[in-house]
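**Q** 3D model of this:
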Amino acid sequence: MQQTVLIFSVLIWVTLGLSKSFCADSDGVPLAIKAEAVALEESSEISVAALREVAGKGDAKAQFELGQRYRSGRQGVTRNFVEAIQWFRRAADQSYAKAQSQLGWMYMKGEGLSQDYKEALKWFRKAADQDDAMGQDGLGVMYEKGEGVPRDYEEALKWFQKAAQQGDAMGQDGLGVMYGKGESVPQDDEEALKWFQKAAQQGYPRAQSHLGWMYANGKGVPQDYEEAAKWLYKAADQGDVMAQDGLGWMYRKGEGVPQNDGEAVKWLRKAAEQGHAEAQSNLGLMYATGEGVSQDYEEAVKWFRKAAEQGNTEGQSNLGWMYANGKGIPQDYAEAYKWFNLAAVHDNERAIREREEVARYMSRAQVADGQRRSTAFLARKAKQKDEGDFEEDLFEDAKR
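**A** Predicted coordinates for the structure are as follows:
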């Protein structure tokens with residue numbers, strides 16, 4: 001096959017939206033815990049044994065605090081979701097709102113039990129009816145994404161507003177997303193910016209990531225890469241995967257920060273290792289081109305495959321090119337066609353061109369084989385829960 005020029009499309013690094021994955025820091029500790037932890041007075045100084053004794057006597061606050069400790073794996077205990085659920089449930093059964101909302105988040109995320117949106121909705125509603133902000137956030141997320149309930153932007157807006165009015169950062173960020181996307185409200189970048197700023201100033205990492213994106217793209221504010229990098233760094237340092245991916249790309253391009261491929265690789269790797277598809281594809285690109293790392297086609301293939309398996313179109317297109325050209329993997333036109341075809345479904349222009357190019361060197365039987373492989377991939381993915389659905393684009397037409 002005639003060798004084609006190695007060209008990788010620049011990825012859209014921002015994949016903004018409301019997500020269950022918003023609720024974790026760099027240690028995987030749910031932000032819902034960090035944002036709304038209400039414990040016994042000076043509970044950090046209380047031993048687990050002492051706390052357990054009080055909780056065992058039926059004190060709901062103590063039960064909630066024990067649940068917090070076991071869910072986060074901090075303050076003298078090893079993380080244990082099953083133990084956390086036990087204590088949250090005991091407090092929740094006493095109508096302790098904060099325990100009810102945390103139980104809702106655990107059902108939503110499938111932590112220590114089977115994921116169950118119906119149960120999550122039940123506990124969120126119990127908490128929200130008591131004006132608990134985290135319960136209101138949970139309902140907002142479920143209605144915004146149509147998880148466990150029909151998608152209803154008006155309901156989502158209502159619950160995010162209730163949480164935001166209490167000064168809750170996640171609710172404020174949720175409002176920012178809805179104004180940015182124009183869901184149940186007129187699309188308004190300035191209003192989105194306002195809410196992102198409120199949440200970001202409270203240290204909420206996803207809002208900081210969103211705010212960085214607004215500055216990077218001049219949405220609701222004059223474009224300012226330095227300000228964008230500042231907010232992305234704040235979020236990335238707390239483990240926000242989208243901020244890490246965005247910061248990595250800014251280091252690669254030298255936007256708002258000195259151009260530094262080594263730093264780019266560092267931040268991309270942090271996000272990629274957390275499973276962020278765009279970062280995985282970007283990291284694969286760095287290995288394929290030898291930027292910030294020694295050129296390594298096999299390593300590039302590894303990361304492109306991880307992204308491609310998650311449905312990332314650039315990862316699919318890049319993996320197709322590797323198969324077509326035998327870079328880091330044995331040449332396989334049918335497999336190349338498969339990946340180009342999958343990316344082309346989402347109107348990836350480069351994939352469409354590459355699919356046509358590779359087809360020129362294939363027999364009809366090989367093309368049919370490639371198409372069968374594409375169909376099989378889609379059928380397999382359809383049976384799996386699409387966890388990435390919670391991270392759809394905030395501004396789907398945004399390009400960098």
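
**Q** starting at the chain centroid, how far to stretch 193-207?
**A** The chain centroid and the centroid of stretch 193-207 are separated by 17 Å, computed with C-alpha atoms, centre = their mean, to the nearest Å.

**Q** Please identify the buried residues of that stretch?
**A** 193, 195-200, 202, 204-207 (16 or more other C-beta atoms under 10 Å). For every residue, glycine as well, the C-beta is placed using N, CA and C.

**Q** counting contacts, what elements does the helix or strand hosting Trp321 pack onto?
**A** Trp321 belongs to helix 313-325 when assigned by DSSP states H and E. Contacts defined by 3 or more C-beta pairs under 8 Å, 6 or more residues apart in numbering; DSSP states H and E place helix 313-325 against helix 277-289, helix 297-309, helix 333-344, helix 349-359.

**Q** Mind checking which of the buried residues of stretch 193-207 are in helices?
**A** 193, 195-200, 205-207 (DSSP state H).

**Q** which one of those residues sits closest to Ala156?
**A** Lowest distance from Ala156 to these (C-beta to C-beta) belongs to Trp195, with 13.9 Å.

**Q** Model confidence for the residue nearest to Ala164 when sequence neighbours are not counted, exactly?
**A** Nearest non-adjacent residue to Ala164, counting by C-beta to C-beta, 6 or more residues apart in numbering: Gly171, 3.9 Å away. Looking at Gly171, its pLDDT is 98.

**Q** Now pLDDT and distance to Gly73 too, for the buried residues of stretch 193-207, in TSV please.
**A** TSV is the format used below for the buried residues of stretch 193-207 (pLDDT from 0 to 100; distance: C-beta to C-beta, whole Å):
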residue	pLDDT	distance to Gly73
Leu193	98	35
Trp195	98	31
Phe196	98	30
Gln197	98	32
Lys198	98	30
Ala199	98	25
Ala200	98	27
Gln202	97	24
Tyr204	97	21
Pro205	97	19
Arg206	97	21
Ala207	98	25
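
**Q** For the residues you listed, work out which two are farthest apart.
**A** Every pair of the buried residues of stretch 193-207 checked by C-beta to C-beta; the farthest is Leu193 and Pro205, at 17.0 Å.

**Q** and the residue nearest to Ala164, what helix or strand is that in?
**A** Using DSSP H and E, Gly171 sits within helix 169-181.

**Q** Over to Lys98?
**A** helix 97-109.

**Q** Which secondary structure elements does that helix sit against?
**A** Partner elements for helix 97-109 (3+ C-beta pairs under 8 Å, 6+ apart): helix 31-36, helix 60-72, helix 81-92, helix 117-128, helix 133-145.

**Q** Just checking the distance from stretch 56-65 to the centre of its chain.
**A** 33 Å.

**Q** before we move on, what about stretch 281-299?
**A** 23 Å.

**Q** Repeat that for stretch 153-164.
**A** Centre-to-centre, stretch 153-164 and its host chain are 21 Å apart (C-alpha atoms, centre = their mean).

**Q** cool, and stretch 78-95?
**A** On C-alpha atoms, centre = their mean, the centre of stretch 78-95 falls 26 Å from the chain's centre.

**Q** buried residues in that stretch?
**A** 79, 81, 83-85, 87-92.

**Q** now, which of these sits nearest Gly292?
**A** Nearest member of those to Gly292, counting by C-beta to C-beta, is Arg79, at 33.4 Å.

**Q** Now the residue lying closest to that closest one once chain neighbours are set aside, what are its backbone angles?
**A** Once flanking residues are discounted, Arg79 sits nearest to Gly73: 2.8 Å by C-beta to C-beta, 6+ apart. The phi/psi pair for Gly73 (degrees, to the nearest 10) reads phi 70, psi 40.

**Q** Pull the number of nearby residues for Gly73.
**A** If you count neighbours by other C-beta atoms under 10 Å, Gly73 ends up with 16.

**Q** Distance of it relative to Glu83?
**A** Relative to Glu83, Gly73 is positioned 10 Å away (criterion: C-beta to C-beta, to the nearest Å).

**Q** Could you do Lys98 as well?
**A** Distance, Lys98 to Glu83, using C-beta to C-beta: 17 Å.

**Q** ok, now Gly203?
**A** From Gly203 to Glu83 the distance is 28 Å (C-beta to C-beta).

**Q** again with Glu65
**A** Taking C-beta to C-beta, one finds Glu65 at 13 Å from Glu83.

**Q** can you pull the contacts of the residue lying closest to Gly58 once chain neighbours are set aside?
**A** Spatial nearest neighbour of Gly58, chain neighbours left out: Gln94 (7.6 Å); criterion: C-beta to C-beta, 6+ apart. Contacts for Gln94 were tallied using C-beta atoms under 8 Å, 6 or more residues apart in numbering; they are 58, 60, 63.
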